[in-house]
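Visitor: Need the 3D shape of this:
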Amino acid sequence: MTRGKLFVISGPSGAGKGTICKRLLEKDSNIRFSVSMTTRLPREGEVEGVDYYFVDKTEFEQLLINGGLLEHNRYLDNFYGTPRKQVLGWIEEGYNVILEIDYHGAFQVRDAYPDCVLIFIMPPSIEELEARITGRGTETEEVRERRLKEALGEIAQAEKYDYTVVNDNLDAAVDRVSQIMKEEQNVISINQ
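Guide: Numbering: from 1, shown residues only. Below you'll find the predicted structure:
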């Protein structure tokens, strides 16, 4: 059996990475999406085990101490992390796994699992990114400003990724990420 491959998808808030991941999962039954763990409270409509695993800080810290997280980070006063066991199990079973995480986590994953592929989703422009963040209407002005400032810092990290995909057309961006995944999976098959 061919092992799966680990793909890390990052990009600033509003770049469309979540929508791209959702479309990829709909297109390919051999992809698994790793659900992150967080200490933040659920937003309206979020489902435990689908959007995140919601845990308290004590449980999160215990997993961290015991090596149960592939990566972890603090963002806007909350902790986020990727449960290690499920991700590595899926890869061994032959599934390609997508992690949708920020650049801090992406670089931790690369250090822990060098065979991963990092893909950065870039907005078409800063103006469009600002419009997308504002258009959500779910955050205060202060949080939107913080997200935009964070986004600029994240965009500066894009050159450290294996691939950058500009999301100026959603269908084209999904097709490009899908193509990258297929090409990278073929590299594994040839080398095994």
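Visitor: and D168, what does it touch?
Guide: Residues near D168 by C-beta atoms under 8 Å, 6 or more residues apart in numbering: P124, E128. In this view, the C-beta of every residue, glycine as well, is placed from N, C-alpha and C.
Visitor: That one: what secondary structure?
Guide: Recorded secondary structure, D168: coil (DSSP: H, G, I helix; E, B strand; the rest coil).
Visitor: Can you read off the pLDDT for it?
Guide: D168 carries a pLDDT value of 93.
Visitor: Then the one 5 residues further on?
Guide: Among the per-residue scores, A173 holds a pLDDT of 97.
Visitor: Confirm it sits in a helix?
Guide: Yes: assessed by three-state DSSP, A173 belongs to a helix.
Visitor: Let's verify R132: helix, strand, or coil?
Guide: Each residue gets one of three states, and R132 gets helix by three-state DSSP.
Visitor: ok, what's across the strand from the most centrally placed residue in the chain?
Guide: For the chain, E100 is the residue whose C-alpha lies nearest the centre (C-alpha atoms, centre = their mean; 1.0 Å). Per DSSP bridges, the residues bridged to E100 are I9.
Visitor: Spit out the contact partners of it.
Guide: E100 is in contact with I9, S10, K17, G18, C21, F33, S34, S36, counting by C-beta under 8 Å, 6+ apart.
Visitor: Any idea how many residues pack against the third one?
Guide: The reference is to K17. Per other C-beta atoms under 10 Å, the neighbour tally for K17 reads 24.
Visitor: List the contacts of it.
Guide: I9, S10, G11, E100, I121, N167.
Visitor: what's the most distant pair in those?
Guide: E100 and N167 (13.4 Å; C-beta to C-beta).
Visitor: quick one: which of the contacts of E100 is nearest E61?
Guide: S36 (15.9 Å).
Visitor: Just list the residues touching the closest one, thanks.
Guide: Y52, Y53, Y80, G81, T82, L99, E100, I101.
Visitor: 10 Å instead, please
Guide: For S36, the contacting residues are 51-53, 69, 71-73, 80-83, 99-101, 105, by C-beta atoms under 10 Å, 6 or more residues apart in numbering.
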